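Peer 1: sequence and predicted model, in that order:
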Amino acid sequence: MTGHEEDGIEMADYELTTPLSEDQVRVLRTEDTVTLNGIIWGIRDATLIRIFDHQTEPPVDLRDAVLLHVAPNVRKTESGYLPLSVGTTTSMRMDRFTEGLLSRYGVRALIGKGGLSLTSGEAFREHGGVYLAIVGGAASVETLQVEAIEEVYWEDLMPECLWKFRVRSFGPLIVAMDAHGGSTYQDVANIARARLAHLYEQLGVKV
Amino acid sequence: MAMTTGLANTAEFYDLLETLGGQLYVDSQKDIPPDVRNALRAAFDRETANTPRRILGTMLKAIEVADQHRMLVCQDTGIPIFWIKIGRGFAVDGVRMMDALRKGVERVTVDHPLRSSVVSPISRRNNQTSSGIGIPVFHIEFAPDIDYLDVLMMPKGSGSESMSFLKMLFPADGVAGIKKFVLDTVVDAAGKPCPPTIVGVGIGGSSDVCVTLAKKATLRPVGSRNADPEVAELEEELLRAINATGIGPMGLGGNTTALAVHVEYAWTHITLNPVAVNMQCWRGERRRARIYPDGRYEFDY
């Protein structure tokens, strides 16, 4: 872990290996940066709909797991799948599944784009979880950080299967929602809204 | 006046269009336009905080990695949209042209392969060809100031495309109302369109024209100004205001929320004041081919 300070706030850079314990996750604060090594699980809308709406238990143990919102572009080979383009999708579509993932299956971190709701933030606080924001649109970088697709489950949902990725130096991921109610998305939205009155005035907008 | 009747009757010409259509679709996703690259670098230099610097640094790295390894920058292959300008005197069989370009997109999707991001809105069926009813999209106009065929491809991703808005304001709302709508829209969109974005604003027209102008505006080179000085002033004002919100790259805070604001307008009805916003994500992907009357062609952005 390395650290630095900005405006009097301590920010840290973590290199972590999955799976993640509750203690590891509760140390993280918004604006920290995380890089991951180890196994992360790729999931998307259809995967979660199967688990929660169709009440199908996941085929693997997801305790302390890190999940990535993705449906990768892959090439099928004799020995498995090769990643062609692995890029992250918008998380908010899957917002309603956060509570279940954390409370029922013990998931520790969700990697995605664009954030989740305050309700999900509450689940992170209660159960010990975080939202790690990835840079959207940087699939070229992301793809090369996937060392291998070790396994794939529920192939009938292709490409929204449950993917087992082995990653190295996966990131940078920004801790955007932490296990203490912190949300960078909320902070940024609050600041932007507070500035609007002044900006309207500058633009000659009468409210 | 150039006469291209001969060219437009040859099978070779439409075979060329088919090849170009496919090349434009895939290459536009691997090679980011120079004006966008420059704008991202300038945005990086303007940031002092850790989070936006890490994010913009990763965006620049993604472009570099895609250059080095000939990879797609982003996994969203998007909706293939063609913007075509038929120059004065350039004779072309429009039906054969559209057919050829469409086949090119389908073929490169299957051969490369590319993810097909196109489905029926009713059944959600995917033909796995990046095409379907109404897709690829074709915007075709006749251009008086050129004598060649200009084919521009924009692979529009849904992260940014989902942040599309139209409002039929009243004339009494004035230009101030337009400014408010644009600013409010960008603030509400926050990090969803993968900022820093190119914000396209359409003003006037009938509603469909207004929305098309907003998207067309995003095609202009980043930072180019509208030729009308009043509208150019509006572009600059809005850009300053948007960047003053502090929303920043990926909506996680910073000095650059928009790389540019481009406004395009058309005249409108006496009792209408339409305004539309369309956002293009940080990659600003576009690529064009110009085919000259003698059959020569070249690529550009």
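Peer 2: Perfect, I can see it now.
Peer 1: when you work out contacts or count neighbours from here on, use the C-alpha atoms and nothing else.
Peer 2: OK.
Peer 1: ok, residue 200 - contacts?
Peer 2: Reading this off chain A. A:206, A:207, B:180 (CA atoms under 8 Å, 6 or more residues apart in numbering or on different chains).
Peer 1: think we crossed wires, I meant chain B
Peer 2: Taking CA under 8 Å, 6+ apart as the test, what residue B:200 contacts is B:213-218, B:261-264, B:277-280.
Peer 1: redo the contacts of residue A:200 as a markdown table? Include secondary structure.
Peer 2: What follows is the contacts of residue A:200, written out as a markdown table (DSSP: H, G, I helix; E, B strand; the rest coil):
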| residue | secondary structure |
| --- | --- |
| A:206 | coil |
| A:207 | coil |
| B:180 | helix |
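Peer 1: what comes up buried for stretch B:291-301?
Peer 2: Neighbour counts over stretch B:291-301 (16 or more other CA atoms under 10 Å in any protein chain shown) mark B:291, B:292, B:293, B:301 as buried.
Peer 1: which pair in those spans the largest distance?
Peer 2: Spanning the widest gap among those are B:293 and B:301, at 20.1 Å by CA to CA.
Peer 1: how many other residues sit next to residue A:77?
Peer 2: 8 (other CA atoms under 10 Å in any protein chain shown).
Peer 1: also residue B:174?
Peer 2: Residue B:174, neighbours per other CA under 10 Å, totals 12.
Peer 1: got it, and the one 4 residues further on?
Peer 2: Each residue near residue B:178 was counted by other CA under 10 Å, and the total is 23.
Peer 1: tell me what the helix or strand of chain A with the lowest mean pLDDT is packed against?
Peer 2: When the helices and strands of chain A are compared on mean pLDDT, DSSP states H and E, strand A:2-6 comes out lowest with a mean of 75. Counting contacts by 3 or more CA pairs under 8 Å, 6 or more residues apart in numbering or on different chains; DSSP states H and E, strand A:2-6 is packed against strand A:9-17.
Peer 1: helices of the chain, start to end?
Peer 2: In the absence of a named chain, chain A is used. A:22-27, A:45-48, A:98-103, A:118-127, A:139-144, A:184-203 (DSSP state H).
Peer 1: the chain in question should be chain B.
Peer 2: Using DSSP H, helices in chain B cover B:5-8, B:11-27, B:34-46, B:50-69, B:94-111, B:158-161, B:174-189, B:207-217, B:229-244.
Peer 1: what parts of the stretch 101-250 of chain B come near chain A?
Peer 2: Contact residues, the stretch 101-250 of chain B versus chain A (CA under 8 Å from any CA of the partner chain): B:114-115, B:159, B:176-177, B:179-180, B:187, B:190-192, B:194, B:237-238, B:241, B:244-247, B:250.
Peer 1: is it correct that residue A:111 is in contact with residue A:133?
Peer 2: Yes. Counting by CA atoms under 8 Å, residue A:133 is a contact partner of residue A:111 at 5.9 Å.
Peer 1: name the residues contacting each of the two.
Peer 2: residue A:173.
Peer 1: got the contact list for the nearest residue to residue B:26 once chain neighbours are set aside?
Peer 2: Counting by CA to CA, 6 or more residues apart in numbering or on different chains, the nearest residue to residue B:26 once its immediate chain neighbours are dropped is residue B:108, at 7.2 Å. Residues in contact with residue B:108, defined by CA under 8 Å, 6+ apart, are B:22, B:23, B:25, B:26, B:114.
Peer 1: quick one: residue B:108 and chain A, what's the gap?
Peer 2: 15 Å (CA to the nearest CA, to the nearest Å).
Peer 1: can you name the residue of the stretch 201-301 of chain B nearest to chain A?
Peer 2: Closest to chain A within the stretch 201-301 of chain B is residue B:245: 4.6 Å, counting by CA to the nearest CA.
Peer 1: give me the neighbour count for the residue nearest to residue B:174 when sequence neighbours are not counted.
Peer 2: Using CA to CA, 6+ apart and skipping the chain neighbours, the partner closest in space to residue B:174 is residue B:273 (7.6 Å). Neighbour count of residue B:273, defined by other CA under 10 Å: 25.
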